[in-house]
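S.K.: Using only what follows, build the 3D model:
(chains A and B)
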2 protein chains.
Amino acid sequence: MAEREFIARHLAPLATTAAARGLADDAAVWLPPLGRELVFTHDVLAQGVHYLPDDPPGDVAWKLLAVNLSDLAAMAATPAGVLLGLAGPDDQDWRADFAAGLGRALDHFGVALWGGDTVSGLDTTVLGLTAIGWVERGQALGRAGAQPGDALWVSGTIGDAGLGLAVAQGTAPHDKALLNRFRRPTPRLALGAALGGVASAGMDVSDGLLIDAERLAAASGVGLAIALDAVPLSRPATGLDDVLARVTAGDDYELLFSAPTSVDVAALAAPTRTPVTRIGTVTAGSGLSLSHAGKPITTPTRLGWEHP
Amino acid sequence: MAEREFIARHLAPLATTAAARGLADDAAVWLPPLGRELVFTHDVLAQGVHYLPDDPPGDVAWKLLAVNLSDLAAMAATPAGVLLGLAGPDDQDWRADFAAGLGRALDHFGVALWGGDTVSGLDTTVLGLTAIGWVERGQALGRAGAQPGDALWVSGTIGDAGLGLAVAQGTAPHDKALLNRFRRPTPRLALGAALGGVASAGMDVSDGLLIDAERLAAASGVGLAIALDAVPLSRPATGLDDVLARVTAGDDYELLFSAPTSVDVAALAAPTRTPVTRIGTVTAGSGLSLSHAGKPITTPTRLGWEHP
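M.R.: Next comes the predicted model:
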């Protein structure tokens, strides 16, 4: 199938807003909401690096959208539109399933496809997605801004995607919920939007709680004291090694954020129906100080997933 | 080299505006100019499909930016920022040269790097770029809008990139100017901006003058009568077959546009120092009607490059 036909049949039906111009022009045109700042992110998912070749194409589409929306959530932004870059083999079934899954994911999050590009004739699939959102002026979150004395919080539960990866790889027993945490992450958009202008710093946990916490600490010029026994887990840990495996596993897409202790974070999060847990405190100094049941724990050498 | 180190060393220096936040946050934040519409495009260049594996990395970077800016030019938009998706092998020399070339190209066009993502460990390079620009409200060009009686115009000269491809492939004698037309196209940003709200329809010529003209005709619901002997060529044609080769070759990135005959297009283009040539007339009906030296010419079966 020629690219034009694929676009007309499978992607144009997803381009439901005027901004996309039916994918018939050279670019999308959008009038942004007055007085807001715009937020832009672009993440790439490559077959064999970020997802497994036999992952369902609809789940790959979900993940591609979700990881980008998670970056918007981390900035306290509300998504508006996306552009897709789809490059890979000329596998019509895979592409049709991918497009259908992308359509369902866009519907779910209320986001419009604005445009993009497709290329076939390659051996491996490389997917890029640009997500555009908006935030009230001056309310965007960032990694810098955490202050000594602030509380450190995380949403949801940590390490489930890592457990789900083991399920997907066949090295752990089947568990649909964990598999979904790996394949169909949930960007914390409502919580992120609620944190704008309130949290002192924030980011999404994509490479592992500890490695991302270290990045937030470095960007803010502070230290972070984290109580590992406070980290929320969906499955009880078998011991400290298991806890350390959870907090260094990637793909959680939860939000990690700091806020002054004067902020009632639980009350702020309640309307968003997002669990939040305090896991530590921002300190003067630098880097991570870990503890477990009140005892100091040596920070592991490997803190998470380093992008290849 | 880890991705974080590559980004810090080679890409962060290109992210010179506040919107990029030094590439240190999860996304870019930009306050758009008041009352303007925003224009978004995303094009992918894949090694072996859109460029030759031994093309200089700096030229590949130039082309990646230029083809996206050409889409903005086609919409009469002025570029503001870009996001990069770089996926490919862990070839440090290639990546460093690519980043340096991208920096020079961004400088040349006065555009900022706002963010993006990098992945290594792949066999083939796939490059994606999202370009964001702005246009006065209601002034964006589109492919629909050409009216019977309008004049049809094209910028620059046609078919040079096709001749340059033959040089790059070693099937034609070396010619630096033609090679540059293939490797380092010039997006017609100043002309495009001047045409906003004036031209009735417009697009960029990326796949061949005839195939793109057919697309403009279809989007506008009109026919286009094109005098092939009026098409501007940088090298004299050896005959009609040679003319047909030029007008069906891709990668020109000139602008094709229609305007009422009451518009003094030459005067409009003069301040932009962009040559423009009238090549035909918009007609009632559909499709292309070609002529040469006053005689009708059968429209060829192959009108240009169909994207794989």
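S.K.: which residue ranges form the helices in the stretch 1-150 of chain A?
M.R.: For the stretch 1-150 of chain A, the helices defined by DSSP state H, counting those that start in this stretch cover A:3-6, A:57-74, A:92-109.
S.K.: how many neighbours does A:Thr124 have?
M.R.: If you count neighbours by other Cβ atoms under 10 Å in any protein chain shown, A:Thr124 ends up with 17. C-betas here are computed from N, CA, C, even on glycine.
S.K.: quick one: it and B:Thr125 touch, right?
M.R.: No: applying Cβ atoms under 8 Å, one finds A:Thr124 not in contact with B:Thr125, separated by 11.0 Å.
S.K.: Counting neighbours, what do you get for A:Ala66?
M.R.: Around A:Ala66 there are 23 residues (other Cβ under 10 Å).
S.K.: which residues sit in contact with it?
M.R.: A:Ala105, A:Arg184, A:Pro185, A:Thr186, A:Pro187, A:Tyr253 (Cβ atoms under 8 Å, 6 or more residues apart in numbering or on different chains).
S.K.: out of those residues, what pair is the most spread apart?
M.R.: Greatest spatial distance in those: A:Ala105 and A:Tyr253, 13.6 Å, computed using Cβ to Cβ.
S.K.: mind pulling up the phi and psi values for A:Val276?
M.R.: Main-chain torsions, A:Val276, degrees, to the nearest 10: phi -130, psi 150.
S.K.: Ok, A:Pro187 next?
M.R.: Main-chain torsions, A:Pro187, degrees, to the nearest 10: phi -70, psi 140.
S.K.: Tell me, how many residues neighbour it?
M.R.: Counted with other Cβ under 10 Å, the neighbours of A:Pro187 add up to 24.
S.K.: again with A:Ala227
M.R.: By other Cβ under 10 Å, neighbour count at A:Ala227 equals 18.
S.K.: Do a quick rundown of the strands in the stretch 101-250 of chain A.
M.R.: For the stretch 101-250 of chain A, the strands defined by DSSP state E, counting those that start in this stretch cover A:112-120, A:126-136, A:151-155, A:201-205, A:223-227.
S.K.: TSV for those, including distance to A:Asp71?
M.R.: Listed next are the strands of the stretch 101-250 of chain A as TSV, based on distance: least, Cβ to Cβ, whole Å:
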stretch	distance to A:Asp71
strand A:112-120	17
strand A:126-136	7
strand A:151-155	15
strand A:201-205	6
strand A:223-227	21
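S.K.: Now for chain A, the helix or strand with the poorest mean pLDDT.
M.R.: Lowest on mean pLDDT, DSSP states H and E among the helices and strands of chain A sits helix A:3-6, with a mean of 88.
S.K.: who does it touch, helix- and strand-wise?
M.R.: Contact analysis of helix A:3-6 by 3 or more Cβ pairs under 8 Å, 6 or more residues apart in numbering or on different chains; DSSP states H and E lists helix A:92-109, strand A:112-120 as its packing neighbours.
S.K.: Sheet partners, orientation included, of the shortest one?
M.R.: Strand A:112-120 has its sheet partners listed here by DSSP bridges as strand A:78-88 (parallel).
S.K.: The strand it pairs with versus helix A:57-74: what angle between them?
M.R.: Angle, strand A:78-88 to helix A:57-74, by axes from the mean of the first three to the mean of the last three Cα atoms, to 10 degrees: 140 degrees.
S.K.: roughly how far out does strand A:78-88 sit from the chain middle?
M.R.: Computed by Cα atoms, centre = their mean, to the nearest Å, the chain-centroid distance of strand A:78-88 equals 15 Å.
S.K.: List the buried residues in that strand.
M.R.: Under the neighbour-count criterion of 16 or more other Cβ atoms under 10 Å in any protein chain shown, strand A:78-88 has A:Thr78, A:Pro79, A:Ala80, A:Gly81, A:Val82, A:Leu83, A:Leu84, A:Gly85, A:Leu86, A:Ala87, A:Gly88 buried.
S.K.: Now do it and strand B:126-136, the angle between them.
M.R.: 140 degrees.
S.K.: I'd like to know the average pLDDT value across strand A:78-88.
M.R.: Taken as a whole, strand A:78-88 has an average pLDDT of 97.
S.K.: got it, and stretch A:53-72?
M.R.: Averaged across stretch A:53-72, the pLDDT comes to 97.
S.K.: ok now it, how far from the chain's centre?
M.R.: The gap between where stretch A:53-72 is centred and where its chain is centred comes out at 10 Å by Cα atoms, centre = their mean.
S.K.: Let's see it as CSV, backbone CA atoms only.
M.R.: What follows is stretch A:53-72, C-alpha atoms only, in CSV (Å, rounded to 0.1, in the frame of the first residue of the first chain):
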residue,chain,number,x,y,z
PRO,A,53,8.9,-7.1,18.7
ASP,A,54,5.8,-9.2,19.5
ASP,A,55,4.1,-6.6,21.7
PRO,A,56,0.6,-6.0,20.4
PRO,A,57,0.8,-3.0,17.9
GLY,A,58,-2.2,-1.3,19.7
ASP,A,59,-0.3,-1.5,23.0
VAL,A,60,2.8,0.0,21.3
ALA,A,61,0.7,2.9,20.0
TRP,A,62,-0.8,3.4,23.5
LYS,A,63,2.7,3.4,25.0
LEU,A,64,4.0,5.9,22.4
LEU,A,65,1.3,8.3,23.2
ALA,A,66,1.4,7.7,27.0
VAL,A,67,5.1,8.3,27.4
ASN,A,68,4.8,11.6,25.6
LEU,A,69,1.7,12.6,27.6
SER,A,70,3.6,11.7,30.7
ASP,A,71,6.2,14.3,29.9
LEU,A,72,3.4,16.9,29.5
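S.K.: before we move on, back to that, for B:Ala245, state which of the contacts of A:Ala66 is nearest.
M.R.: The closest of the contacts of A:Ala66 to B:Ala245 turns out to be A:Ala105 (Cβ to Cβ; 44.1 Å).
S.K.: Any residues of the stretch 101-250 of chain A in contact with chain B? List them.
M.R.: Contact residues, the stretch 101-250 of chain A versus chain B (Cβ under 8 Å from any Cβ of the partner chain): A:114-124, A:126, A:128, A:130, A:132-133, A:135, A:137, A:140, A:142-144, A:203-204, A:219.
S.K.: so where's the stretch 151-300 of chain A uncertain?
M.R.: Along the stretch 151-300 of chain A, the model assigns pLDDT under 70 to no residue.
S.K.: How many residues are close by the residue nearest to A:Ala2 when sequence neighbours are not counted?
M.R.: Leaving out its chain neighbours, the residue that sits closest to A:Ala2 by Cβ to Cβ, 6 or more residues apart in numbering or on different chains is B:Glu306, at 5.5 Å. Counted with other Cβ under 10 Å, the neighbours of B:Glu306 add up to 14.
S.K.: How about A:Gln139?
M.R.: 17.
S.K.: again with A:Thr171
M.R.: Around A:Thr171 there are 8 residues (other Cβ under 10 Å).
S.K.: wait, isn't A:Val263 in contact with A:Ala194?
M.R.: No: in this structure A:Val263 lies outside contact range of A:Ala194 using Cβ under 8 Å: 10.9 Å.
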